[in-house]
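Student: Next come a sequence and a model predicted from it.
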Amino acid sequence: MSLIKVVKLGYTYGQGSGAPVQALRGIDLEISHGEYVAIIGRNGSGKSTLAKCLNGLLLPTEGDVWVEGMNTKDATSRLKIRETVGMVFQNPENQFIATTVEEEIAFGPENLGLPRDILIERVEWALREVGLEELRHRDPQRLSAGQKARVAIASVLAMQPACLVLDEATALLDPLARQDVLDLLSRLHHEGLTIVSITHLMDEIVRAQRVCVLAGGSLVLEGSPREVFSQEEMLVSLGLDLPPAATVARGLRQRGLGLARGLLTPRELAEAVCLLSEVPCG
Amino acid sequence: MAKVIVSIRDLEYTYLPGTPLASVALRGASLLVHQGEIAALVGPSGAGKSTLVHFINGLLRPQRRGQVLVLGQDLGAPDCDLTSLRRQVGLVFQFPHQQFLERYVGDDIAYGPRQMGLPLAQVRERVRWAMELVGLDFEAFVDRPTFSLSGGEMRRVALAGVLALRPQLLILDEATAGLDPQGRRQIHQVLRRLRDKEGMSILLVSNDMDEVAELADTVTVLRDGKTVLAGPLKEVFSHPQDLSRCGLGYPAGYQIVQEFAQRGIDLPGAPLRLAEVEEAIWRALSS
């Protein structure tokens, strides 16, 4: 069984009002346990709406979303669904409610009514996972941006979800803090967590197992990073970036060089050019 | 050499000095911006970039050490004319919606020129000019409510509102973070146009090394409140180990050049911008 199954999902804001806006239309998507999926698209393409549909923060106005076989429209499963799929947003301070890091992380599991010893165990584990043991008594509002992002991730981890959905969680971080969070995510993924990340960050996109491209509320392209970035014309016409190596390769191809599509990294580009050239390459 | 617009030397600054909450933000920061260039100010968060920027239009004033000269005025002097300075230095922040003052796009862009007491016809002319510069169609956008704009449009309206003051120096503090690739490219085009057609001087505060490599003429690297590297773009990026010590990473073009170098292909001229890298590879193969 897939972890998340999205069937003919449509979402319209302000339905029944004078000016409804259709944000999503006819989306079919399945996410399996242990996947790392990147969702990309322009501002306003429906990415955040889709993310909010994945754990029932928004309920489909058309079609269905199933999480481990539970329909998000079924009110009796809602708590279980939110335990299964956790969300992290771009501005973590908007979701902080406690005055210490420890209490912040405990808030979710506490509200599940867990016994005290299990609660403590969960909080300790989550603190360790994100490396915040030392900062446990600090006020989350007064941490650096990178530390705040880690608190937000820890507070979701403490619910022991099967899947983490991140909505541009690294967009406002500096390069060092961003790399920190990406390393954390890839470690969690190795430990078996499913990750769905909405991102403009090329380094993250090319490392994902699957890339989904949204445009105008529809899922227009889906596949491995190599498959998706081979569709250069389509991505360019959608106003999306190619990886830098693919951008250079595309320019060289237009000058008549026989380079393959879907070169993702500087190394792949250099290797491909070496194969073409007479120059002996080390 | 072009005229120096901003000259900051050895600046030190402590927030709340003499109190238990005192915190040192700058400890020897220097910055030069020349007429008609795009200068980038980079550094990890907490390095003091925003603090330094706040000196340039007099939001902060020098304490004991350091000199701040902006457009010929000494900000350390008690008689410096802040009103005229602030009209000549335009600041655009990261969250444009926080600086909207009016409900409609046209009114918002007109706010500054109106405050300057310009006659109505001239205000309208300025609004039209600023909207054209940032690529917003006057007729289509002038009566749009500001809350109905997309993220990229908001940035451009905020930028137009600052440009309508016709500043000599434009400062953008992380003004493209969080924009989608197309929105970012549009802003980049606007900045190049402002430099090339209007001769405007631009200070770009950014953490995106690819953006810096594509746009900047000069780069100043700030770390722990101190300027650790400064100079023309290629010169600064020829110190990769210093940059990585600051946690800044390298632009993609640099990484591509390194991969070729490891395979014995030297791409001359230390290209950083992707178009230059492409050209250099093409030449290396043709020769």
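Tutor: On my side now, so go ahead.

Student: Can you show me the strands along the stretch 1-150 of chain A?
Tutor: A:4-13, A:21-31, A:36-40, A:62-67, A:70-71, A:85-88 (DSSP state E, counting those that start in this stretch).

Student: Excluding sequence neighbours, find me the nearest residue to the closest residue to chain B within the stretch 51-200 of chain A.
Tutor: Proximity of the stretch 51-200 of chain A to chain B (C-beta to the nearest C-beta) peaks at A:L176, 3.5 Å away. To be clear about C-beta, it is placed using only N, CA and C from the backbone, and glycine gets the same treatment. Nearest residue to A:L176, sequence neighbours excluded (C-beta to C-beta, 6 or more residues apart in numbering or on different chains): B:G247, at 3.5 Å.

Student: quick one: contacts for the one you found?
Tutor: A:D174, A:P175, A:L176, B:P44 (C-beta atoms under 8 Å, 6 or more residues apart in numbering or on different chains).

Student: center of chain A, which residue is that?
Tutor: A:S197 (0.8 Å; C-alpha atoms, centre = their mean).

Student: ok, B:M154 - how many residues close by?
Tutor: By other C-beta atoms under 10 Å in any protein chain shown, 22 other residues sit near B:M154.

Student: did I read that right, it in a helix?
Tutor: Yes - assignment of B:M154 by DSSP: H, G, I helix; E, B strand; the rest coil places it within a helix.

Student: how far away is it from B:V190?
Tutor: Distance, B:M154 to B:V190, by C-beta to C-beta, to the nearest Å: 14 Å.

Student: Chain B contacts on the stretch 1-150 of chain A?
Tutor: A:G41, A:R42, A:N43, A:G44, A:Q90, A:S144, A:A145, A:G146 (C-beta under 8 Å from any C-beta of the partner chain).

Student: Give the ChimeraX command for selecting the buried subset of the residues you listed.
Tutor: Buried residues among the residues of the stretch 1-150 of chain A next to chain B (16 or more other C-beta atoms under 10 Å in any protein chain shown), as a ChimeraX selection:
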select /A:41,42,43,44,90,145,146
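
Student: Between the residues of the stretch 1-150 of chain A next to chain B, which sits nearest B:M200?
Tutor: Minimum distance to B:M200 across the residues of the stretch 1-150 of chain A next to chain B is 26.4 Å, recorded for A:N43 (C-beta to C-beta).

Student: Quick check: the farthest pair among the contacts of B:G247?
Tutor: Pairwise distances among the contacts of B:G247 were taken by C-beta to C-beta; the largest, 7.5 Å, belongs to A:P175 and B:P44.

Student: Got phi/psi on the residue nearest to A:L176?
Tutor: phi 70, psi 40 (degrees, to the nearest 10).

Student: With the one 3 residues further on instead?
Tutor: When read as degrees, to the nearest 10, the backbone of B:Y250 gives phi -120, psi 150.

Student: Could you measure from it over to chain A?
Tutor: To chain A, B:Y250 is 10 Å away according to C-beta to the nearest C-beta, to the nearest Å.

Student: picking that back up, got the strands of the stretch 1-150 of chain A as CSV, with mean neighbour count columns?
Tutor: Listed next are the strands of the stretch 1-150 of chain A as CSV, based on neighbours: other C-beta atoms under 10 Å in any protein chain shown:
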stretch, mean neighbour count
strand A:4-13, 20
strand A:21-31, 18
strand A:36-40, 24
strand A:62-67, 20
strand A:70-71, 16
strand A:85-88, 24
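
Student: Secondary structure element holding the residue in the stretch 51-200 of chain B that chain A sits nearest to?
Tutor: Going by C-beta to the nearest C-beta, chain A is nearest to B:Q182 of the stretch 51-200 of chain B, at 3.4 Å. Assigned by DSSP states H and E, B:Q182 belongs to helix B:181-198.

Student: Report the distance from the helix or strand following that helix to the chain centre.
Tutor: Using DSSP H and E, the helix or strand that follows helix B:181-198 in sequence is strand B:201-205. How far strand B:201-205 lies from its chain's middle: 3 Å, per C-alpha atoms, centre = their mean, to the nearest Å.

Student: Show me what strand B:201-205 is packed against.
Tutor: Counting contacts by 3 or more C-beta pairs under 8 Å, 6 or more residues apart in numbering or on different chains; DSSP states H and E, strand B:201-205 is packed against strand B:4-15, strand B:23-34, strand B:38-42, helix B:49-56, strand B:169-173, helix B:181-198, helix B:209-215.

Student: can you rerun that using 7 Å?
Tutor: strand B:23-34, strand B:38-42, strand B:169-173, helix B:181-198 (3 or more C-beta pairs under 7 Å, 6 or more residues apart in numbering or on different chains; DSSP states H and E).

Student: Looking at these, spot the one closest to B:G231.
Tutor: With respect to B:G231, and counting by C-beta to C-beta, the nearest of these is strand B:23-34 at 9.3 Å.
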